[in-house]
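Engineer: here is the input, now give the coordinates:
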Amino acid sequence: MQDPLNHYLYHPLAWQLARRLAHTPLTPNMVSVFGALMVIAASIAYTSLPYPISAALGMALHMGWHVVDGADGDLARLTGRSSPIGEMVDGLCDYLSHIVLYLVLGWWLSGTGGTFSGGMAWGLIVFAGISHAVQANHVEVQRRQYQWWVYGTPWLRHSHGSQDSATSRTMFSGLVSAYLNVASGMTPDALRIDAAVSAAAGDRARLDTIAAAVRAEAPPLLLLCKILGPNPRAIVLGLSMFAGSPVWYMLYQSLVLNALLVVSVLAHNAAARRIAVKIDA
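Structural biologist: Model (predicted):
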């Protein structure tokens, strides 16, 4: 599921960082928080420094976040600290830091004058921010579902809400539930495959059959998720700031990526129905 940036740059750097952090007192959650601070620092750089240093440093910090965002998970696996709570903290850090990014960019844009200023700026920023959250939910859930169906890697959907769920006992339980409900609402047909995988627990032949059916449908779906994913966003925002304004990024987010989201949701649901037929789910 890796695009070239992940395969050749972000993931190798994240792995090396995690290996070095494994011998320190730093925890995966601390790394997640540091990643969030990098995104916030990027927003400050974009809006507070003279051009072109602002665009260059902001883009570097935002792209660097991808390395740290991968390192927290690698560190958790290396040190045996993987947990639903860690997954929740990672997600909260990603979402909350980008909310700050959008708010800071909105504040900056609203005071610049021109067509998109004042209320127009805030309207565009809020719409783009909500779009970002929904798109990120879709992409992340497709990734986690794929890993569950093909590799048996559990995730929040299988622990949250159960009697002994750690995430259900936190103050963020409602947010986690909303996150999962949004995902299920966009791709409800995927739940049929989830149920088939759960029912096949311990049946290696059946699980292999399901995994093969999922892999056969995966290539075009993975391409859609790569384009909708976070890597292109950081680059497009950086280029937009080099062009002098976040407006270009916000329009790209609101128009191009939302159109692609509709295509992706329809494609994922259609693929899930085909898979369900193949595996008699």
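Engineer: number of nearby residues for residue 70?
Structural biologist: Counted with other C-beta atoms under 10 Å, the neighbours of residue 70 add up to 21. Glycine gets a C-beta too; all of them are placed from N, C-alpha and C.
Engineer: next: the one 10 residues further on.
Structural biologist: Residues within reach of residue 80, counting by other C-beta under 10 Å, total 7.
Engineer: distance of it from residue 174?
Structural biologist: Going from residue 80 to residue 174 by C-beta to C-beta, to the nearest Å gives 29 Å.
Engineer: try residue 35
Structural biologist: Residue 35 is 23 Å from residue 174, by C-beta to C-beta.
Engineer: one more: residue 196?
Structural biologist: 29 Å.
Engineer: out of the two, which sits in the busier spot?
Structural biologist: Shown here are residue 196 and residue 174; by other C-beta under 10 Å, residue 196 has more neighbours (20 against 10).
Engineer: so residue 273 is in which element?
Structural biologist: Taking DSSP states H and E as the definition, residue 273 sits inside helix 257-278.
Engineer: what do you get for residue 95?
Structural biologist: Using DSSP H and E, residue 95 sits within helix 84-110.
Engineer: just want the angle from whatever helix or strand comes next after that helix to helix 84-110.
Structural biologist: Going down the chain from helix 84-110, the next helix or strand is helix 118-151, by DSSP H and E. Helix 118-151 and helix 84-110 meet at an angle of 150 degrees, taking axes from the mean of the first three to the mean of the last three C-alpha atoms, to 10 degrees as the criterion.
Engineer: what about helix 118-151, distance to the chain center?
Structural biologist: 7 Å (C-alpha atoms, centre = their mean, to the nearest Å).
Engineer: list the buried residues in it.
Structural biologist: Within helix 118-151, the residues that qualify as buried are 121-122, 124-125, 128-129, 131-142, 144-146, 148-150, counting by 16 or more other C-beta atoms under 10 Å.
Engineer: go on, stretch 20-32?
Structural biologist: In stretch 20-32, counting by 16+ other C-beta under 10 Å, buried: 21, 26-29, 31-32.
Engineer: then stretch 100-114?
Structural biologist: Here stretch 100-114 shows 100-102, 104-106, 108-110 as buried, counting by 16+ other C-beta under 10 Å.
Engineer: any chance of those residues in a markdown table, with pLDDT and distance to residue 51 too?
Structural biologist: Rendered in a markdown table, the data for these read as follows (pLDDT from 0 to 100; distance: C-beta to C-beta, whole Å):
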| residue | pLDDT | distance to residue 51 |
| --- | --- | --- |
| 100 | 98 | 21 |
| 101 | 98 | 18 |
| 102 | 97 | 20 |
| 104 | 97 | 16 |
| 105 | 96 | 15 |
| 106 | 94 | 19 |
| 108 | 94 | 12 |
| 109 | 92 | 15 |
| 110 | 88 | 18 |
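Engineer: which one of the residues you listed is nearest to residue 11?
Structural biologist: Residue 11 has its nearest neighbour among the buried residues of stretch 100-114 in residue 101, at 22.8 Å by C-beta to C-beta.
Engineer: need the nearest residue in space to the closest one, chain neighbours excluded.
Structural biologist: Closest residue to residue 101 apart from its sequence neighbours, by C-beta to C-beta, 6 or more residues apart in numbering: residue 43 at 4.3 Å.
Engineer: quick check: that neighbour touching residue 58?
Structural biologist: Yes - in this structure residue 43 lies within contact range of residue 58 using C-beta atoms under 8 Å: 7.4 Å.
Engineer: more crowded one of these two?
Structural biologist: It is residue 58, of residue 43 and residue 58, that has more neighbours when counted by other C-beta under 10 Å, with 27 against 23.
Engineer: so what's the residue count around the closest residue to residue 190 other than its chain neighbours?
Structural biologist: Among residues not flanking residue 190 along the chain, residue 272 sits closest, at 4.8 Å (C-beta to C-beta, 6+ apart). The local packing of residue 272 (other C-beta under 10 Å) involves 24 other residues.
Engineer: again with residue 75
Structural biologist: Around residue 75 there are 28 residues (other C-beta under 10 Å).
Engineer: and it, which of the three is it?
Structural biologist: helix (DSSP: H, G, I helix; E, B strand; the rest coil).
Engineer: list the contacts for it?
Structural biologist: Contacts for residue 75 were tallied using C-beta atoms under 8 Å, 6 or more residues apart in numbering; they are 18, 21-22, 26-28, 31, 81.
Engineer: give me the pLDDT value at it.
Structural biologist: We have a pLDDT of 96 for residue 75.
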